[in-house]
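[1] Sequence first, predicted model second:
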Amino acid sequence: MSVAQQQRTEPLVRLRGVSRRWGDIVGLDGIDLDIAPGERIAVIGRSGSGKTTLLRALAGLDTGITGELTGATTPAVVFQDPRLFPWRTAVQNVELGLRGSDPRGRAVAMLAEVGLAGRETAWPRQLSGGQRQRVSLARALVREPDLLLLDEPFSALDALTRVSAHALVTDLWRRHRPALLLVTHDVEEALLLTDRVLLLEHGRLVHDERLEPGQERRREDPDVVHRRAELLARLGV
Amino acid sequence: MVLAVFRAAGLSIPPPPAWARWISPLVLLVLWQVASMTGALPDTTIGSPSEIARTAWDLIRTGQYSDALVVSLRRVALGVVFGVALAVVLGLIAGLSRWGDAIVDPPMQMARTIPLYGVIPLFIVWFGIGETTKVILIALGVAVPLYINLTAALRSIDPELREVSATLHLTAWERLRYMIFPGALPGALVGLRLSLAVAWLVLIVAETVNADAGIGFIVNNARTFLQNDIIVVGLLTYAILGLATDFLVRLAERWALRWQDGPAR
């Protein structure tokens, strides 16, 4: 049995007819989606298309959704801003709520993995924006999630920091292999970091673009350039 | 005015050194002493600084002062302990639950509108003129500002951090300990500083209205015998005690809020 077949039979997360409404406002409208273990997915769409609503549903933060949503026992979330507890040091933020043996040791190791060895006792306000987002990433990954949810985590970073953050996420994914769902505005980021790009429009899934899984891509690759233009056209840009 | 002239002339004025803040109080003290010595400020109005210092020393030497201080401090300590306990219990109930807020907050807001000093006659009827009345008055004065600030701080905890707590699967106790308490601490400490300031004010009023011991008793006695120097010593005592407790809370603030220190990035 090939890996592809196995993934098709046993999705990590299964959504069928998932909807979210607030009165007349439609957030999500009948989403059908399977996420395979270790799969990298990007969700793109205009503001208000339901990207973040979908992520919050997967994170278990939204109790008002209807439809069927099963799977993902241990999702972890990295938000747009780092959302660190300002009164806790970097390592205290990472180890917060961590169960099992030696939470401090695991938190220190994970901080080293995101390149923050030696900054364990720094307060969040003593860290740069990029470093704070790394702490937030460490806090998510130290829980060994089977699904890592990223809600535009790079949008507040400057261009250079963003490039190294991209490399870090790819690197961490290769080592830990969680399924990954990235919500982003940036089509290029979606194509470089993930292998499947979903397009949301008015709460509906209108396009599902699959790329060669696990491949390293560069922004100047003709395939990336071509798909980027196509996806931007679909977004109506 | 002077500054503007200097600037117009293209001159820059150096920033004042730290000791500059001592200049004007010391000058005032010297002027007072000189006015007393020359007779411009008669003894019957107020004594000279040196006479007041001598009076203070006499009070300390005879032990009257420390006896009175212990009595007054005990009143404030008891009142603060009861007041803080009341404010924390009610503040947590109102700040952490909507039902708690709906039930606890209205009576507290009503209590806030009652002038504290206005209930003194009633309290004397109820509790007599002993220590109970004074301690209850101080406790009520302490409870209100702390309660108001504590509930506001509890309600203003960042909803984004609440979401993070949900994604981290924190237990209710972990949320209290790691998110709610530290998040509400800055506001609570502001409330505590206000509360302690109120505590000293209430003490002064309660002791002046009626007392058979304490700093206020000494002051009242002095008034009967026109000993203005002793009244001033009492006033200075209240001022120093107020400054001292404020300083202690500020030390606690600095420790509790050390995560706000240091250069930001």
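    Perfect, thanks for sending it. Numbers count the residues shown, from 1 in each chain, chains lettered A, B, ... in the order given.
[2] C-alpha only now, for contacts and for neighbours.
    Fine.
[3] Please report the distance of B:Thr167 from B:Ala252.
    Note on B:Thr167: its distance to B:Ala252, by CA to CA, to the nearest Å, is 32 Å.
[4] Give me the more crowded residue out of these two.
    Taking other CA atoms under 10 Å in any protein chain shown, B:Thr167 and B:Ala252 do not tie; B:Thr167 has more neighbours (20 against 13).
[5] I'd like the distance between the more buried one and chain A.
    The gap separating B:Thr167 from chain A is 7 Å, by CA to the nearest CA, to the nearest Å.
[6] how close does B:Leu122 sit to B:Thr132?
    The value you get for B:Leu122 to B:Thr132, if CA to CA is used, is 13 Å.
[7] okay, those two: which has more neighbours?
    Neighbours were counted for B:Leu122 and for B:Thr132 using other CA under 10 Å; B:Thr132 has more, 17 against 11.
[8] I'd like to know which elements the strand or helix carrying B:Val80 is packed against.
    Per DSSP states H and E: B:Val80 is located in helix B:64-96. Applying 3 or more CA pairs under 8 Å, 6 or more residues apart in numbering or on different chains; DSSP states H and E, we find helix B:64-96 packed against helix B:98-113, helix B:131-155, helix B:181-209, helix B:215-224.
[9] Say whether chain A is contacted by the second one.
    Read it as helix B:131-155. No - using CA under 8 Å from any CA of the partner chain, helix B:131-155 never reaches chain A; the gap is at least 15.0 Å.
[10] Also the third one?
    Yes - in terms of CA under 8 Å from any CA, part of helix B:181-209 sits within range of chain A, namely B:Pro182, B:Gly183.
[11] Spatially nearest residue to the residue most central in space within chain B, not counting backbone neighbours?
    When CA atoms, centre = their mean is applied to chain B, the residue found nearest the centroid is B:Ala197 (1.8 Å). Sequence neighbours aside, B:Gly242 is the residue nearest to B:Ala197 in space, at 6.4 Å (criterion: CA to CA, 6 or more residues apart in numbering or on different chains).
[12] And that neighbour, which helix or strand is it part of?
    Per DSSP H and E: helix B:228-256 holds B:Gly242.
[13] That helix - contacts with which helices or strands?
    So helix B:228-256, by 3+ CA pairs under 8 Å, 6+ apart, packs with helix B:49-61, helix B:181-209, helix B:215-224.
[14] contacting residues around the shortest one?
    Read it as helix B:215-224. Residues from elsewhere that reach helix B:215-224, judged by CA atoms under 8 Å, 6 or more residues apart in numbering or on different chains: B:65, B:68-69, B:71-72, B:204, B:207-208, B:210-211, B:228, B:230-231, B:234.
[15] Give me the residue at the spatial middle of chain A.
    Centroid-nearest residue in chain A: A:Leu150, 2.6 Å away (criterion: CA atoms, centre = their mean).
[16] What is the neighbour count of B:Pro16?
    By other CA under 10 Å, 8 other residues sit near B:Pro16.
[17] need the residues of chain A near chain B, please.
    Chain A comes close to chain B at residues A:59-61, A:75-77, A:83-88, A:96-97, A:123, A:125-129, as judged by CA under 8 Å from any CA.
[18] Take those and keep only those in helices.
    Among the residues of chain A next to chain B, the residues falling in helices (DSSP state H) are A:Ala59, A:Gly129.
[19] Now A:Val197: which helix or strand?
    Per DSSP H and E, A:Val197 falls inside strand A:196-201.
[20] And the next helix or strand past that strand?
    The C-terminal neighbour of strand A:196-201 among helices and strands, as given by DSSP H and E, is strand A:204-210.
[21] Within its sheet, name the partner strands of that following strand and how each one runs.
    Strand A:204-210 has its sheet partners listed here by DSSP bridges as strand A:196-201 (antiparallel).
[22] chain center to the partner strand: distance?
    Distance of strand A:196-201 from its chain centroid, counting by CA atoms, centre = their mean, to the nearest Å, is 14 Å.
[23] Now that strand: buried residues?
    Using 16 or more other CA atoms under 10 Å in any protein chain shown as the burial criterion, the residues of strand A:196-201 that qualify are A:Arg196, A:Val197, A:Leu198, A:Leu199, A:Leu200, A:Glu201.
[24] Adding distance to A:Asp34, write the residues you listed out as TSV.
    As requested, the buried residues of strand A:196-201 are exported to TSV (distance: CA to CA, whole Å):
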residue	distance to A:Asp34
A:Arg196	12
A:Val197	13
A:Leu198	12
A:Leu199	15
A:Leu200	15
A:Glu201	18
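[25] would TSV of those residues with pLDDT be doable?
    Shown next, in TSV, are the buried residues of strand A:196-201 (pLDDT from 0 to 100):
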residue	pLDDT
A:Arg196	94
A:Val197	94
A:Leu198	95
A:Leu199	94
A:Leu200	93
A:Glu201	92
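[26] show me the residues around residue 191 that make contact.
    Going with chain A. Under the criterion of CA under 8 Å, 6+ apart, the neighbours of A:Leu191 are A:Ala42, A:Val197, A:Arg217, A:Val224, A:Arg228.
[27] Sorry, I should have been clearer: chain B.
    Taking CA under 8 Å, 6+ apart as the test, what B:Gly191 contacts is B:Pro145, B:Leu146, B:Tyr147, B:Ile148, B:Asn149, B:Leu150.
[28] again, only this time at 10 Å
    Shown in contact with B:Gly191 (CA atoms under 10 Å, 6 or more residues apart in numbering or on different chains): B:Val142, B:Ala143, B:Val144, B:Pro145, B:Leu146, B:Tyr147, B:Ile148, B:Asn149, B:Leu150, B:Ala153, B:Leu185, B:Ala197.
[29] Surely the second one and B:Leu192 touch.
    Yes - distance between B:Ala143 and B:Leu192: 9.1 Å, which falls inside the contact criterion (CA atoms under 10 Å).
[30] thinking again about what came up before, need the helices and strands packed on helix B:228-256 in TSV with mean pLDDT and distance to B:Ile23, can you?
    Converted to TSV, the helices and strands packed on helix B:228-256 look like this (pLDDT from 0 to 100; distance: least, CA to CA, whole Å):
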stretch	mean pLDDT	distance to B:Ile23
helix B:49-61	90	17
helix B:181-209	91	27
helix B:215-224	87	30
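[31] of all the ones you listed, which lies closest to A:Asp29?
    Proximity to A:Asp29 (CA to CA) singles out helix B:181-209 among the helices and strands packed on helix B:228-256, at 37.5 Å.
[32] Which residues in that closest one does the neighbour count mark as buried?
    Neighbour-count burial for helix B:181-209, counted by 16+ other CA under 10 Å, picks out B:181-204, B:206-208.
[33] Can you list the residue ranges for strands in chain A?
    A:13-22, A:25-35, A:40-44, A:66-71, A:75-78, A:147-151, A:179-183, A:196-201, A:204-210 (DSSP state E).
[34] Could you point out which of the ones you listed sits nearest B:Ser97?
    Evaluated over the strands of chain A, closeness to B:Ser97 peaks at strand A:13-22, with 24.7 Å, by CA to CA.
[35] Tell me the strands beside the closest one, with direction?
    Per DSSP bridges, strand A:13-22 is paired in its sheet with strand A:25-35 (antiparallel), strand A:66-71 (antiparallel).
[36] Just the CA trace of that strand, in PDB.
    C-alpha atoms of strand A:13-22 as PDB (Å, rounded to 0.1, in the frame of the first residue of the first chain):
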ATOM      1  CA  VAL A  13      -8.700  15.600  10.200                       C
ATOM      2  CA  ARG A  14     -12.000  15.200   8.400                       C
ATOM      3  CA  LEU A  15     -14.500  18.000   7.800                       C
ATOM      4  CA  ARG A  16     -17.800  17.400   6.200                       C
ATOM      5  CA  GLY A  17     -20.300  20.200   5.700                       C
ATOM      6  CA  VAL A  18     -18.600  22.400   8.300                       C
ATOM      7  CA  SER A  19     -20.400  25.800   8.600                       C
ATOM      8  CA  ARG A  20     -20.300  28.800  10.800                       C
ATOM      9  CA  ARG A  21     -23.000  31.500  10.900                       C
ATOM     10  CA  TRP A  22     -23.500  34.500  13.100                       C
END
